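Engineer: Please work out how this folds:
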Amino acid sequence: MKEDRITIKDIAREAGVSKSTVSRAINNGHGIDIKTKDKILDIIEKHNFSPSKSARELRGKKSRTVGILATRLHSNSETETIRGMIDVFYKNDVEYVIFETDFSIDKTKKYYETLIEKGIDEIVIFAIANENYDFIKEKDGVIIIGQDVVEFDSITYEDYNAIKKISNYLWEILGKRKIGYIGLVQNDFTTGKQRYLAYEDFVNNKKIRNISYFGDFKYKTGYEFGKKMLENKVDSVICATDNIALGLRKYLFEKSREDIIVSGIGNNDLLSFLYRDHITIDFLYRESGEYAGKLMLEKIKKNSNGIRETINNKKVFKSKLVVNGKVINDRKKNWKLF
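Structural biologist: All right, here's what the predicted structure looks like:
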């Protein structure tokens with residue numbers, strides 16, 4: 001092997017172990033026995049390989065770096081979640097590195113391998129639709145956000161109930177009967193599928209027409225489907241995200257049709273500031289990020305003590321209906337402000 005081309009994959013092959021085991025050796029411990037660790041570090045020294053520190057230094061130090069694989073950094077919900085994690089990491093001297101996957105499983109795999117190559121195997125992954133993440137062999141260091149995946153610690157949000165709350169509010173309180181929906185592509189089994197399913201169940205239950213269109217998370221989705229909503233003579237629209245809602249509001253403003261009630265999900269500060277009548281859902285994204293950060297700290301602590309296991313944590317964050325910037329209590333259908 002050429003010294004200037006050697007990789008963790010090469011080291012793993014020579015040592016007869018997995019790349020994740022090499023990563024644990026580089027990170028000083030994590031449930032790896034001393035004999036195997038020394039063998040790996042000897043190979044690292046022999047080839048003068050160093051991802052960031054010399055093998056001799058790595059024998060005595062523990063890396064405290066977390067990888068974050070985000071799907072979309074322009075998303076308010078995702079950035080708020082990341083901010084929550086960063087707050088926890090900063091207070092506990094944990095470093096982090098962020099990659100944006102743009103919902104690409106190929107990018108996710110590539111960046112995951114990059115993190116492993118750098119000796120980072122504590123990783124937070126924002127979910128990609130309908131993915132089981134079977135390419136991740138060492139599941140104990142990973143947290144999935146946005147999808148409940150078997151054998152992984154995960155953080156999810158009650159997406160179905162969120163749309164159900166908005167639908168009921170539009171129907172019962174505002175008296176809306178022609179309710180449209182702009183959602184996410186139907187192969188999205190994370191947020192997209194559950195949110196649309198709630199709308200579909202609602203219109204079927206009320207025996208009203210299903211007026212739905214689908215795109216991505218971006219503003220242009222709402223703007224481009226605004227024309228369709230006017231053609232269908234809707235009196236209100238539920239948007240799967242606040243980004244979509246903002247795009248739709250721009251279109252309706254240009255057409256002087258601000259009489260149509262627009263709702264979304266995410267409790268975006270900008271929307272609430274610009275439109276006092278905005279209806280949205282607060283999932284407490286910042287708090288969910290703090291929770292993820294604390295869960296990762298627990299993993300780091302366990303791993304540094306040689307314990308490699310999933311904590312088997314399945315946390316679901318509840319939805320809160322927000323109207324005119326205030327949280328609404330809908331538990332007993334009295335719709336009172338907190």
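Engineer: Every contact and neighbour count from this point should use C-alpha atoms.
Structural biologist: OK.
Engineer: pLDDT at Ser304, what is it?
Structural biologist: Here the pLDDT value assigned to Ser304 is 68.
Engineer: nope, Asp259 is what I was after
Structural biologist: pLDDT, Asp259: 95.
Engineer: Who are the contact partners of the closest residue to it other than its chain neighbours?
Structural biologist: Leaving out its chain neighbours, the residue that sits closest to Asp259 by Cα to Cα, 6 or more residues apart in numbering is Asp235, at 7.8 Å. Contact analysis of Asp235 by Cα atoms under 8 Å, 6 or more residues apart in numbering lists Lys176, Arg177, Lys178, Ile179, Gly180, Asp259, Ile260, Ile261.
Engineer: just these now: which is nearest Gly84?
Structural biologist: Ile261 (31.3 Å; Cα to Cα).
Engineer: Can you give me the neighbour number for that closest one?
Structural biologist: 19 (other Cα atoms under 10 Å).
Engineer: got it, and Lys207?
Structural biologist: Residues within reach of Lys207, counting by other Cα under 10 Å, total 9.
Engineer: Buried by neighbour count, from the contacts of Asp235: which ones?
Structural biologist: Buried residues within the contacts of Asp235, counting neighbours by 16 or more other Cα atoms under 10 Å: Lys176, Arg177, Lys178, Ile179, Gly180, Ile260, Ile261.
Engineer: Which one of the residues you listed is nearest to Asp148?
Structural biologist: Nearest to Asp148 out of the buried ones among the contacts of Asp235 is Gly180 (Cα to Cα; 28.4 Å).
Engineer: Residue ranges of each domain in the chain, please.
Structural biologist: What the record gives for the chain is the domain set 8-58, 65-156+285-315, 159-283+321-337, from automatic domain parsing.
Engineer: ranking the ones you listed by mean pLDDT, which is last?
Structural biologist: Across the domains of the chain, domain 8-58 gives the lowest mean pLDDT, at a mean of 72.
Engineer: Cross the buried ones among the contacts of Asp235 against strands and list the overlap.
Structural biologist: Ile179, Gly180, Ile261 (DSSP state E).
Engineer: With distance to Ile8 as added columns, please give the residues you listed in TSV.
Structural biologist: TSV is the format used below for these (distance: Cα to Cα, whole Å):
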residue	distance to Ile8
Ile179	55
Gly180	52
Ile261	55
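Engineer: any idea how far the residue nearest to Asp259 is from Ile68?
Structural biologist: Here the distance between Asp235 and Ile68 works out to 41 Å (Cα to Cα, to the nearest Å).
Engineer: And the strands in the stretch 51-200 of the chain, which stretches?
Structural biologist: 65-70, 95-100, 123-126, 142-145, 153-157, 179-184 (DSSP state E, counting those that start in this stretch).
Engineer: Let's have the ones you listed in a markdown table, adding distance to Lys193.
Structural biologist: Shown next, in a markdown table, are these (distance: least, Cα to Cα, whole Å):
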| stretch | distance to Lys193 |
| --- | --- |
| strand 65-70 | 20 |
| strand 95-100 | 22 |
| strand 123-126 | 16 |
| strand 142-145 | 16 |
| strand 153-157 | 13 |
| strand 179-184 | 8 |
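Engineer: That concludes my questions; thank you for your assistance.
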